[in-house]
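> predicted model and sequence below, questions to follow.
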Amino acid sequence: MLEIKDLHARAGEAPILKGVSLRVNAGEVHAIMGPNGSGKSTLAGILAGRADYEVTQGEVLYEGKSLLDLSPEERAREGIFLAFQYPIEIPGVSNAYFLKTALNSIRRARGEKELDAMEFLSHAKEKMRFLEMDEALIQRPVNEGFSGGEKKRNEIFQMAMLDPKLAILDETDSGLDIDALRIVAGGVNTLRGGNRAIVVVTHYQRLLNYIVPDFVHVLAKGRIVASGDKKLALELEQRGYSWLEEKESARA
Amino acid sequence: MSSDATIEKFTKQEYKYGFTTDVESDAAPRGLNEEIIRLISAKKEEPEFLLEWRLKAFRHWQTMEEPHWPNVKYPAIDYQNIIYYSAPKSMTNRPKSLDEVDPEVVRTFEKLGISLEEQKRITGVAVDAVFDSVSVATTFREKLAELGIIFCSFSEAVREHPELVRKYLGSVVPHTDNFFAALNSAVFSDGSFCYVPKGVRCPMELSTYFRINAIDTGQFERTLIVAEEGSTVSYLEGCTAPMRDVNQLHAAVVELVALDRATIKYSTVQNWYPGDEEGKGGIFNFVTKRGACRGKGSKISWTQVETGSAITWKYPGCILQGDDSVGEFYSVALTNRRQQADTGTKMIHIGKNTRSTIVSKGISAGRGQNTYRGLVQVMKGAENARNFSQCDSMLIGDKCGAHTFPYVDVRNPTATVEHEATTSKIGEDQVFYCNQRGISTEDAVNMIVNGFCKEIFRELPMEFAVEAQKLLSVSLEGSVG
């Protein structure tokens, strides 16, 4: 589904990714771990089409097509979803209106019938029940005045509504207490399965106790320095990142 | 696409009301002197007192200077090069019914979405249509007359109800008030008049639609609304003008009078031609609007959505004279391209327990400059006066500007005055967030701006709230690239 080949990218003058290669198949859950500044969020941003980075080398194929030529909204319409590390507030715009516009933009692009207000609402209520969310949330302005936990749950709710083929969760665990973490992870797990691929970007192993990945990759200094299964994550928890970083430095 | 490029693309869009109508006009010669004023007055067959009032205003105007304190820049206006009166020829004999009105004029309004045939109107809205210097038709007048409500053109009010005009004209905005009000008092041509008798709730929205058509013509309309004890009325004005590459002057005066427990709601959707990308052409909109809450417990509420004009200079205000009276001002002002707006309100608290609320939303895009200027004044006798002001500015792109000048003058220690102000920029991250959910940049900006203005749109009558929302997105188009 997603194939990243030798990706190099920089922000301004500073090179951040220095040759990342990764293959994600339909239905798989991949975790990308790494210390601060390793390039995890950059990678997530590039996949979603954030304008802050410049790709200098390599390519990204999504369902066999070059992803980097598409605008962020085209990528979203093709089924790519990014759960933001810091969800953005849009004052005065209700969550319902925002999501209905988003959902219908995507449906329109796919040649599907747009949902009217009633259809949308009953669809949204079903998903909210499924994620055990408070229904009042949908009438509140997008993320405005939300607690950290509510913002992250709202991201997962949007993901459930937009039904992506590839979901990228960027530090979804940051700023959450253990109860909120459990709820958010529970939401992700209910959305797992079928052909949906999920890429979980995280600093800590903790999230992976709840969202158990099929594959774990460690990103350090702009490269993937180790790949394995969930045992790799546990090893990282015990030994930290430094041994891998040192190994990478020695190699370079 | 960089967000700058996005912003640029979005602020460019055609003005769709820019067509002209080919009608033969009966116009006064260019320039301004006592002869012209006598001519206007004679054309309108006015009583002597009104001519005298005009001449008094004109003589006073000659002693005044154009104000230069607003935060706007424009080339000098040559007041002798303006045509002060222009009317479609077909209107000279004062048509008795719509059938006698020049069909071209009727078609113009239809093209603007204003049908003058009552059966075609959205029910619940009566319209007075003003074309250049004259009112061409007023709908639903008979129905309103059954309730004792007078709704007609100003010229007609002068003929049919001179005692009311004489009593209230200039009582809120005196002819000496300011340069443009004095000019208007001297040369005003038409406008709307509305009188709601004691205890009557006006059952429909009243509205005036202003259209400037003739070239080099100024529009100087005058609107007067009087709400007697315990009455209620909601009024809306809309305006457009053809695209011309010279500036045209629009200097209107609106006076509102609310007596005991009366309520007047006055809404404006202003969409005069704003000029082109380079700032060529467009309307100079220099307007004086004021309401007097004369009676106890009376209320005047101004709502304005200002998206047009090259220059906007207006401060709809309330004189809160009656005890327990209430003044409100809700405003959205959008400046795009090279538009400039200096707008806000004046709330003058005189009576006891008077309250005022000001909510202003300024949006600047392109190279637009947007200034909020507001005065809250609490006089000595205004025990327990309360004011709350909120001024929010939003910037789209990095070539525009937002400015806020709040003036507060409190002379009574029991008063409570609160002021809040914010300035925000439509963030790249907000747009990206929307994009990532599949929403195009254009839809994203519209959504973000509409969210920003939500509090104001809520104040507009329903049908117009939808219109205002659409207008805002049209005016914004091209502002993001």
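All right, it came through fine. Numbers count the residues shown, from 1 in each chain, chains lettered A, B, ... in the order given.
> how about the secondary structure of A:I46?
helix (DSSP: H, G, I helix; E, B strand; the rest coil).
> which ones are touching it?
Residues in contact with A:I46 (CB atoms under 8 Å, 6 or more residues apart in numbering or on different chains) are A:L7, A:A9, A:L17, A:Y53, A:V55, A:V60, A:L68. (C-beta placed from N, C-alpha, C; glycine too.)
> can you check B:T354 too?
The neighbourhood of B:T354, defined by CB under 8 Å, 6+ apart, consists of B:C293, B:L320, B:G322, B:D323, B:D324, B:S325, B:V326, B:G327, B:A382, B:A385, B:R386.
> tell me which stretches of the chain form helices.
Just going to use chain A. In chain A, the helices defined using DSSP state H lie at A:40-48, A:72-77, A:95-109, A:117-130, A:148-162, A:178-190, A:230-239, A:242-251.
> that's the other chain; I wanted chain B
Listed from the start of the chain, chain B has helices (DSSP H) covering B:3-10, B:34-43, B:48-62, B:103-111, B:141-145, B:154-160, B:162-168, B:179-187, B:428-436, B:441-457, B:462-476.
> so A:L234 sits against A:N209, correct?
No: the criterion here is CB atoms under 8 Å, and A:L234 misses it with A:N209 at 9.4 Å.
> from B:F457, how far out is the closest residue in space to A:T42 that isn't next to it in sequence?
Distances taken as CB to CB, 6 or more residues apart in numbering or on different chains put A:I16 closest to A:T42, at 4.7 Å, once the chain neighbours are dropped. With distances taken as CB to CB, to the nearest Å, A:I16 is found 43 Å from B:F457.
> one more: A:F146?
24 Å.
> again with B:D429
With CB to CB as the criterion, B:D429 and B:F457 are 25 Å apart.
> what's the answer for A:D69, then?
A:D69 sits 39 Å away from B:F457, going by CB to CB.
> looking at the two, which is more packed in?
B:F457 (20 against 9; other CB atoms under 10 Å in any protein chain shown).
> is it correct that the more buried one is in contact with B:N450?
Yes: B:F457 is within contact range of B:N450, at 7.5 Å (criterion: CB under 8 Å).
> can you list residues touching both of these two?
B:Q469.
> show me the contacts for the closest residue to chain A within chain B.
Residue nearest to chain A within chain B (CB to the nearest CB): B:G451, separated by 3.0 Å. By CB under 8 Å, 6+ apart, the contact set of B:G451 is A:I90, A:P91, A:G92, A:V93, A:P141.
> again, but for B:L395
Contacts for B:L395 (CB under 8 Å, 6+ apart) come out as B:S364, B:A365, B:G401, B:A402, B:T423, B:S424, B:K425, B:I426.
> dump those residues to TSV, plus distance to B:G191.
Output for the contacts of B:L395, formatted as TSV (distance: CB to CB, whole Å):
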residue	distance to B:G191
B:S364	31
B:A365	32
B:G401	33
B:A402	32
B:T423	36
B:S424	38
B:K425	40
B:I426	38
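> of those, select the buried ones using a ChimeraX command.
For the buried members of the contacts of B:L395, the matching ChimeraX selection, counting by 16 or more other CB atoms under 10 Å in any protein chain shown, is:
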select /B:364,365,401,402,426
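> please narrow the contacts of B:L395 to those residing in strands.
B:S364, B:G401, B:A402, B:T423, B:S424, B:K425 (DSSP state E).
> return the list of helices and strands in contact with the helix or strand of chain A with the lowest mean pLDDT.
Lowest on mean pLDDT, DSSP states H and E among the helices and strands of chain A sits helix A:242-251, with a mean of 73. Secondary-structure packing of helix A:242-251 (3 or more CB pairs under 8 Å, 6 or more residues apart in numbering or on different chains; DSSP states H and E): strand A:215-220, strand A:223-228.
> low pLDDT regions in the chain?
Because you didn't say which chain, this covers chain A. A:248, A:251-252 (pLDDT under 70).
> right idea, wrong chain: chain B
Looking at chain B by pLDDT under 70, you get B:1-25, B:88-101, B:105, B:108-126, B:130-138, B:212-216, B:239-246, B:463, B:477-481.
> the nearest residue to A:E59 once chain neighbours are set aside - how many residues pack around it?
Spatial nearest neighbour of A:E59, excluding adjacent residues (CB to CB, 6+ apart): A:K5 at 5.2 Å. Neighbourhood size, A:K5 [other CB under 10 Å]: 14.
> how close does A:K5 get to A:A197?
Note on A:K5: its distance to A:A197, by CB to CB, is 17 Å.
> how about B:S360?
The spacing between B:S360 and A:A197, counted by CB to CB, is 48 Å.
> give me the helices and strands touching the lengthiest strand in chain B, please.
Longest strand in chain B by number of residues (criterion: DSSP E): strand B:282-293. Judged by 3+ CB pairs under 8 Å, 6+ apart, strand B:282-293 is in contact with helix B:179-187, strand B:247-250, strand B:253-258, strand B:263-270, strand B:299-306, strand B:311-314, strand B:317-320, strand B:326-335.
> return the residues of the stretch 51-200 of chain A in contact with chain B.
Contacts of the stretch 51-200 of chain A with chain B, taken as CB under 8 Å from any CB of the partner chain, map to A:51, A:71-73, A:75-77, A:81-82, A:84, A:87-88, A:90-93, A:97-99, A:101-103, A:105-106, A:109, A:141, A:158, A:162.
> quick one, which of those are buried?
Applying 16+ other CB under 10 Å to those flags A:51, A:72-73, A:75-77, A:81-82, A:84, A:87-88, A:90-93, A:97-99, A:101-103, A:105-106, A:141, A:158, A:162 as buried.
> who are the contact partners of the residue nearest to A:T42?
With CB under 8 Å, 6+ apart, A:I16 has these contacts: A:A9, A:R10, A:G39, A:T42, A:Y53, A:G222.
> tell me how many other residues surround the fourth one.
Neighbour count for A:T42, taken as other CB under 10 Å: 22.
> distance of it from B:Y85?
For A:T42, the distance to B:Y85 - CB to CB - is 67 Å.
> right, and A:E54 touches A:A9 too?
Yes: with contact defined as CB under 8 Å, A:E54 counts as touching A:A9 (6.4 Å).
> more neighbours: which of the two?
The neighbour comparison of A:E54 against A:A9 (other CB under 10 Å) goes to A:A9, with 23 against 14.
> and for the closest residue in space to the more buried one that isn't next to it in sequence, the neighbour number?
Nearest non-adjacent residue to A:A9, counting by CB to CB, 6+ apart: A:L17, 4.3 Å away. Here the number of neighbours of A:L17 (other CB under 10 Å) works out to 27.
> for A:L17, give me its contacts.
A:L7, A:H8, A:A9, A:R10, A:G39, A:T42, A:L43, A:I46, A:G222, A:R223.
> 10 Å - rerun?
A:L17 is in contact with A:4, A:6-11, A:38-39, A:42-43, A:46, A:53, A:55-58, A:219, A:221-224, counting by CB atoms under 10 Å, 6 or more residues apart in numbering or on different chains.
> please name the bridge partners of B:F210.
Using DSSP bridges, the bridge partners assigned to B:F210 are B:V130, B:C239.
> is it true that it touches B:A252?
Yes: counting by CB atoms under 10 Å, B:A252 is a contact partner of B:F210 at 8.0 Å.
> next, show the common contact partners of those two.
Taking CB under 10 Å, 6+ apart as the criterion, B:F210 and B:A252 both touch B:G191, B:Q219, B:E221, B:T223, B:E237, B:C239.
> give me the buried entries from these.
Here, 16+ other CB under 10 Å leaves B:G191, B:Q219, B:E221, B:T223, B:E237, B:C239 buried among the shared contacts of B:F210 and B:A252.
> among those residues, which one sits closest to A:V24?
B:C239 (57.3 Å; CB to CB).
> now check stretch B:467-479, is it near chain A?
No: Stretch B:467-479 stays clear of chain A (CB under 10 Å from any CB of the partner chain), getting no nearer than 11.9 Å.
> can I get the CA coordinates of that stretch in CSV?
This file holds the C-alpha atoms of stretch B:467-479, laid out as CSV (Å, rounded to 0.1, in the frame of the first residue of the first chain):
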residue,chain,number,x,y,z
GLU,B,467,-26.9,35.9,1.9
ALA,B,468,-24.2,37.5,4.1
GLN,B,469,-22.4,34.2,4.4
LYS,B,470,-22.4,33.8,0.6
LEU,B,471,-21.3,37.4,0.1
LEU,B,472,-18.4,36.9,2.4
SER,B,473,-17.1,33.9,0.6
VAL,B,474,-17.5,35.7,-2.8
SER,B,475,-15.6,38.8,-1.4
LEU,B,476,-12.9,36.5,0.0
GLU,B,477,-12.5,34.6,-3.2
GLY,B,478,-9.0,35.0,-4.5
SER,B,479,-7.7,36.0,-1.1
